[in-house]
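**Student:** Sharing a sequence plus its predicted fold:
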Amino acid sequence: METVALGRTGIEVTTVGIGTGGPSRAGQKHGLALDESVALVRRAVDQGVNLIDTSEIYGTEDIVARVLADVPRDDVIISSKVSPRQEGELRTPAQLAEAFEEALRKLGVDHVDIFHLHAVEVGDYDYARDELAPVLLAAKERGAIRAVGITEPFAADSGHATLQRAVRDDLWDVMMVGFNLIHRTARELIFEPGRAKGIGMLGMFAVRRALGNPDRLRAALSDLDEATRAKIPAQLLADGGIEALIERCGATTLPDLAYRFCREEPGLDATLFGTGSREHLDDNLASFAAPALTPAAIAAIDEAFADVPPMTGN
């Protein structure tokens, strides 16, 4: 599996990472037994994936801990997160420090590679930066964190308001950003200034419901207002139009196209996806092992969706 440098962090990550949140939560939301979820994440590691993402709110830290118990610690890059808020109230620095120690305990480790403040709302950003980030920076100083990160609440902040502020500051080593082939605004707003500072970028929302198959994407495009639909190439809206684009770009499915598109995006170091089955996992890993999309294919995608308003894909 291909690896890249995660910004200036000195951490090498595979270009694909396993997320244990989202709609699936490593299959826990789909009825998998705990042992089955552990085996699923372990299969990704055995296939060469070295990046696993979890969070306090996912309830999957025990799954990651059991995977870590069976592999050398240095073989896996662990990304975890806690929210600046607890039960609706902003955490104090002492409460954040306690939550961080609890995360280490649940994961069964003495350090994490990347630790984020999770889904920071723009109205909480100043407090998160000034009061909470110093707790994580102190943990980094003592070796309990290798890289300090921040994630955006993409479904509610698809304009990247939080990260547009964060990318101007110098304390964040890593950011988790929403990006996909129908929502590319992070290119100019986040990736370009982030690359200039050496900030590592992890992508989320590469494939959600609208990008699961052509019918769902057609339905999402058809729901746009009439004036917007009039700007979209007619062949894209027609039956078979999305399938023709997939074939022209050398992909096999819409998710395959979407993942390979993200993999080739300059400034996006690694893309996370969740999974609830071995078949889905293997299909997605095949996309990240497939040949690169050609520049002509990337241009065709950008042209096809140029007038589609940014959509999260949820």
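**Tutor:** All right, it came through fine. Note that the structure is a prediction, hence the values are computed from the model and not measured. Residues are numbered from 1 along each chain as shown.
**Student:** By mean pLDDT, flag the weakest helix or strand of this protein.
**Tutor:** Using mean pLDDT, DSSP states H and E, helix 234-237 stands out as the lowest-scoring helix or strand of the chain, at a mean of 88.
**Student:** as a whole number, average confidence for the following helix or strand past that one?
**Tutor:** The helix or strand immediately downstream of helix 234-237 is helix 241-248, counting by DSSP states H and E. Helix 241-248 shows a mean pLDDT of 96.
**Student:** list the buried ones in the least confident helix or strand of the chain?
**Tutor:** Leu236 (16 or more other C-beta atoms under 10 Å). Glycine gets a C-beta too; all of them are placed from N, C-alpha and C.
**Student:** quick one: low-confidence parts of the stretch 1-150 of the chain?
**Tutor:** For the stretch 1-150 of the chain, no stretch is flagged by pLDDT under 70.
**Student:** where do the strands sit along it?
**Tutor:** Secondary structure of the stretch 1-150 of the chain by DSSP state E, counting those that start in this stretch: the strands cover 3-5, 12-14, 16-19, 51-53, 77-82, 85-86, 89-90, 112-117, 145-151.
**Student:** what packs against the least confident helix or strand of the chain?
**Tutor:** On a contact count with 3 or more C-beta pairs under 8 Å, 6 or more residues apart in numbering; DSSP states H and E, helix 234-237 meets helix 214-222, helix 241-248.
**Student:** With distance to Phe179 as added columns, please give the ones you listed in JSON lines.
**Tutor:** Shown next, in JSON lines, are the helices and strands packed on helix 234-237 (distance: least, C-beta to C-beta, whole Å):
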{"stretch": "helix 214-222", "distance to Phe179": "16"}
{"stretch": "helix 241-248", "distance to Phe179": "19"}
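**Student:** neighbouring contacts of the least confident helix or strand of the chain?
**Tutor:** Arg218, Leu221, Ser222, Arg229, Gly241, Ile242, Ala244, Leu245, Ala304, Phe305 (C-beta atoms under 8 Å, 6 or more residues apart in numbering).
**Student:** Can you select the buried ones among the residues you listed for me in PyMOL?
**Tutor:** To isolate in PyMOL the members of these that are buried, counting by 16+ other C-beta under 10 Å, one can use:
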select buried, resi 218+221+241+242+245+304+305
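**Student:** and the two most separated of the contacts of helix 234-237?
**Tutor:** Pairwise distances across the contacts of helix 234-237 (C-beta to C-beta) peak at 18.3 Å, for the pair Arg229 and Ala244.
**Student:** Count the residues that sit near Ala147.
**Tutor:** Neighbours of Ala147 under the rule other C-beta atoms under 10 Å: 24.
**Student:** Grab the nearest non-local neighbour of it.
**Tutor:** Once flanking residues are discounted, Ala147 sits nearest to Asp173: 3.8 Å by C-beta to C-beta, 6 or more residues apart in numbering.
**Student:** Tell me which residues touch the one you found, please.
**Tutor:** So Asp173 contacts Gly7, Arg8, Thr9, Ile114, Ala147, Val148, Gly149, Ile199, Gly200 (C-beta under 8 Å, 6+ apart).
**Student:** wait, which of those is closest to Arg43?
**Tutor:** Ile114 (22.1 Å).
**Student:** where exactly do the helices run in the stretch 1-150 of the chain?
**Tutor:** With DSSP state H, counting those that start in this stretch, the ranges of helices along the stretch 1-150 of the chain come out as 34-46, 61-68, 93-107, 125-127, 133-141.
**Student:** With the stretch 151-300 of the chain instead?
**Tutor:** Applying DSSP H, counting those that start in this stretch to the stretch 151-300 of the chain gives helices spanning 161-166, 186, 192-197, 214-222, 226-229, 234-237, 241-248, 254-263, 278-289, 295-304.
**Student:** buried set for stretch 226-235?
**Tutor:** Ile232.
**Student:** if I pick the spatially most central residue of the chain, what's in contact with it?
**Tutor:** By C-alpha atoms, centre = their mean, the chain has its centre lying nearest to Met204, at 2.5 Å. Contact partners of Met204, counting by C-beta under 8 Å, 6+ apart, are Gly19, Thr151, Phe154, Met176, Val177, Gly178, Phe179, Thr271, Leu272.
**Student:** Got phi/psi on the third one?
**Tutor:** Spelled out, it's Phe154. phi -60, psi -40 (degrees, to the nearest 10).
**Student:** Could you find the closest non-adjacent residue to it?
**Tutor:** Closest to Phe154 by C-beta to C-beta, 6+ apart is Gly178, at 3.2 Å.
**Student:** Fine, thanks again, bye for now.
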